[in-house]
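> predicted model, plus sequence, below.
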Amino acid sequence: MRKLFKEDYYRMTGTVYETGLRSLAQWFISHQIRYVYWWRKANKSPNILNRIILKRYSKKYGLEISTGAKIGRGLYLGHPYNITVGGGVKIGDNVNLHKGCTIGRENRGKREGVPTIGDNVAIGINATVIGNIHIGNDVMIASNSFVNFDVPDHSIVIGNPGVIHHKENATEGYIAFCIK
């Protein structure tokens, strides 16, 4: 848990987490760092105290990331308010989630289920990703896009309904401080 949090901290701040004044200041300034810390802790050790603290931050900031979601290393929460990630969602390494994005379950039809999201993916403001779909690696989902279909590697998705555009290094400049 500690290693994963340190990688999340690095992705969000660009600095290495160390015991000291600078890291302590970031802890108090950045609510997303506190939230991710307690989310990782509640996933690793789901005791009642960890869940209560996580619930408090969840209500305070509108961050609803299910402890049933599986999230890889280097999570980045940008402008972190009203982000929703449903239970069972699988998210890879170095993923950016921005304000208002929703990643969740489709309850009926041929895409019933939850998404699987690859590595180095950026999901923009108010984007929605739902259903039993696969988002590849190096994918940019633009703001306000609606995605309920598979997206191949090295792509940009724009619009509602989403349109896929192939682009090598689609997230270059968006995914900073990557964890290798």
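Received it, and whenever you're ready, just let me know what you need.

> what sits against His165?
The contact partners of His165, by CB atoms under 8 Å, 6 or more residues apart in numbering, come to 155-158. Quick note: C-beta positions are derived from backbone N, CA and C, even for glycine.

> looking at this structure, which helix or strand is least sure?
Least confident helix or strand, the chain: helix 21-29 with a mean of 71, by mean pLDDT, DSSP states H and E.

> go through the helix or strand following it and flag the buried ones.
Downstream of helix 21-29, the next assigned helix or strand under DSSP states H and E is helix 31-44. When neighbours are counted by 16 or more other CB atoms under 10 Å, the buried residues of helix 31-44 are found to be 31-43.

> who's in contact with helix 31-44?
Applying CB under 8 Å, 6+ apart, the set of residues contacting helix 31-44 is 1, 4-5, 8-9, 12-13, 26-27, 50-51, 53-54, 57-58, 60-61, 63, 65, 67, 75, 77, 80.

> so what pLDDT did the residue most central in space within the chain get?
The chain has Leu97 as the residue nearest its centroid, 4.2 Å off, counting by CA atoms, centre = their mean. In the prediction, the pLDDT value recorded for Leu97 is 96.

> over to Lys180?
Looking at Lys180, the pLDDT reads 72.

> filter the contacts of His165 to the buried ones?
For the contacts of His165, a neighbour count by 16+ other CB under 10 Å gives the buried set as 155-157.

> the residues you listed into JSON lines, with extra columns for secondary structure?
What follows is these, written out as JSON lines (DSSP: H, G, I helix; E, B strand; the rest coil):
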{"residue": "Ser155", "secondary structure": "strand"}
{"residue": "Ile156", "secondary structure": "strand"}
{"residue": "Val157", "secondary structure": "strand"}
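
> hmm, back to that, and of the contacts of His165, the nearest to Ile130?
Nearest to Ile130 out of the contacts of His165 is Val157 (CB to CB; 13.1 Å).

> show me what contacts the closest residue to the closest one other than its chain neighbours?
Computed as CB to CB, 6 or more residues apart in numbering, the closest residue to Val157 that is not its neighbour in sequence is Ile141, at 4.8 Å. Taking CB under 8 Å, 6+ apart, we find Ile141 in contact with 121-124, 127, 129, 135, 147, 151, 156-157, 162.

> top of these by neighbour count?
Greatest neighbour count in the contacts of Ile141, by other CB atoms under 10 Å, goes to Ile123: 29 neighbours.

> where does the prediction get shaky in the protein?
Scanning the chain for pLDDT under 70 picks out the ranges 1, 20-22, 24.
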